[in-house]
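Asks: this one's sequence-less:
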């Protein structure tokens, strides 16, 4: 991948910003929704704390519950003013606000040459991959952004008609490969965020498919993320992070622990086996949102 890694990978020259606005029309307070027994935002905080280049983790939120959780987990809570919490608000002013608060915070010292953005609605991340992505950024890089690549058959709307941007009936393999920004990881130069002027040297990093799919905007997305979390064994990463603080080791937990039955033993989950696919309405989905699949052994695949 373009751009060489830093010689000193332990250099702390970055801050991580996790924007966690409370308002959401489709999923109110979604950043505190339950994913495998823990608040959604906690996954991004835990991963951020594993980034070796990061000197500080900032959670920007107008939700006091999120702020208290962030503080308990050792992150810095930056309250968001009302004008940065509207549906029309973009992330750039949020990043600028956090940089100002970071600079003015009397208890903090350290460089912030880079800003890493982790959105809490993308909870499936591999801490090893995230560190690899963070180490790509150097003087010859302006932005690092996560993408997925496919030979997408994409067209455009022309009134009531669809106009394909490819030759009809062409095989997918022959379609020019496109990149899609997926929201899993961003890294910006601090100076460019402040100036609102971004350079053209944007380095893409490829994410595993399941990380791209687990982008939560609806209850269906949350159910899907729960399934992928188990299916690809992401719980192992977060169990390691969590148990490090409590003193337990992965060996002490054990693969056959009765608290974590294999996936095929799940009694009930957000996936309603009694109904036809695609027939659940939003109220039905909300009614079973608390029935989460439990962690299990998955199929032995390593995440990401």
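Replies: Looks like it arrived, so ask away. These numbers were taken from a predicted model, which means no experiment stands behind them.
Asks: going forward, measure contacts and count neighbours with C-alpha atoms only.
Replies: Fine.
Asks: For the stretch 1-150 of the chain, which segments count as strands?
Replies: If DSSP state E, counting those that start in this stretch is used as the criterion, the strands of the stretch 1-150 of the chain fall at 14-19, 34-35, 38-39, 54-61, 76-79, 114-117, 143-150.
Asks: Tell me which of these lies nearest to residue 217.
Replies: Nearest to residue 217, of all the strands of the stretch 1-150 of the chain, is strand 34-35, at 13.5 Å by Cα to Cα.
Asks: for that closest one, packing partners?
Replies: helix 219-231 (3 or more Cα pairs under 8 Å, 6 or more residues apart in numbering; DSSP states H and E).
Asks: Can you spell out which helices and strands pack onto the helix it packs on?
Replies: strand 34-35, helix 282-287.
Asks: lowest-confidence stretch among those?
Replies: Among those, helix 282-287 carries the lowest mean pLDDT, a mean of 35.
Asks: Show me the helices in the stretch 1-150 of the chain, by range?
Replies: 40-48, 64-72, 91-104, 127-134 (DSSP state H, counting those that start in this stretch).
Asks: and the shortest one, how far out from the chain's middle?
Replies: The chain centroid and the centroid of helix 127-134 are separated by 13 Å under Cα atoms, centre = their mean, to the nearest Å.
Asks: who's in contact with that helix?
Replies: Applying Cα atoms under 8 Å, 6 or more residues apart in numbering, the external contacts of helix 127-134 come out as 47, 50-53, 116, 144, 185, 187, 205, 237, 304.
Asks: Show the contacting residues for the residue nearest in space to the middle of the chain.
Replies: What sits nearest the mean C-alpha location of the chain, by Cα atoms, centre = their mean, is residue 122, with 2.7 Å. Going by Cα under 8 Å, 6+ apart, residue 122 touches 44, 183-184, 211-212, 214-216.
Asks: Residue 147 now?
Replies: Residues in contact with residue 147 (Cα under 8 Å, 6+ apart) are 179-183, 204-207, 212.
Asks: please redo it, this time with the cut-off set to 10 Å
Replies: 178-185, 203-209, 212 (Cα atoms under 10 Å, 6 or more residues apart in numbering).
Asks: closest to residue 86 among those residues?
Replies: When these are compared against residue 86 (criterion: Cα to Cα), the nearest one is residue 183, at 19.6 Å.
Asks: buried stuff in the helix or strand hosting that closest one?
Replies: Taking DSSP states H and E as the definition, residue 183 sits inside strand 178-189. Within strand 178-189, the residues that count as buried by 16 or more other Cα atoms under 10 Å are 181-189.
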